[in-house]
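S.K.: turn this into a model:
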Amino acid sequence: MNDSSKVLIGLLAGLAAGAALGLLFAPEAGSETRERLGQSFKDLSDTIKEKAAEELDHLSSLKDKVVDSVKGKMNNDDEYADELDIA
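M.R.: Sure, this is the predicted structure:
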């Protein structure tokens, strides 16, 4: 995970904690507060799931690039070995 991802997750967690505290101290009925708090946590959960999916996609594409690079180097080494056998 890169630094910007960590900052974004920290920001979202702080935002959720602040929203939760604000709701707990708001002058509303308990049922309304619990409903709003539950919705805030659901939104946070959705955001975290989306970010995790994005990071997994990024890691998957990075893995594909590394595999392709290694395969390319192995093919180059095989070609070089064939050239040495011929010489």
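
S.K.: and Ser40, helix, strand or coil?
M.R.: helix (DSSP: H, G, I helix; E, B strand; the rest coil).

S.K.: excluding chain neighbours, what is closest to it?
M.R.: Leaving out its chain neighbours, the residue that sits closest to Ser40 by C-beta to C-beta, 6 or more residues apart in numbering is Ala19, at 4.8 Å. All C-beta spots, glycine's among them, are computed from the backbone N, C-alpha and C.

S.K.: helix, strand or coil for that neighbour?
M.R.: Classified using three-state DSSP, Ala19 is helix.

S.K.: just checking, it touches Lys42?
M.R.: No: taking C-beta atoms under 8 Å as the definition, Ala19 is not a contact partner of Lys42, at 11.9 Å.

S.K.: of these two, which one has the most company?
M.R.: Ala19 (17 against 10; other C-beta atoms under 10 Å).

S.K.: distance of the more buried one from Ala26?
M.R.: Using C-beta to C-beta, to the nearest Å, Ala19 is found at 10 Å from Ala26.

S.K.: quick check: mean pLDDT of stretch 60-76?
M.R.: Across stretch 60-76, pLDDT averages out at 83.

S.K.: hmm, I was thinking of stretch 10-18
M.R.: Stretch 10-18 carries an average pLDDT of 83.

S.K.: residues in contact with that stretch?
M.R.: Residues outside stretch 10-18 that contact it (C-beta atoms under 8 Å, 6 or more residues apart in numbering) are 40-41, 44, 47-48.

S.K.: just the helices in the chain please.
M.R.: Secondary structure of the chain, counting by DSSP state H: helices at 3-24, 30-86.

S.K.: could you say what helices and strands the last one packs with?
M.R.: With contacts defined as 3 or more C-beta pairs under 8 Å, 6 or more residues apart in numbering; DSSP states H and E, the secondary structure elements packing on helix 30-86 are helix 3-24.
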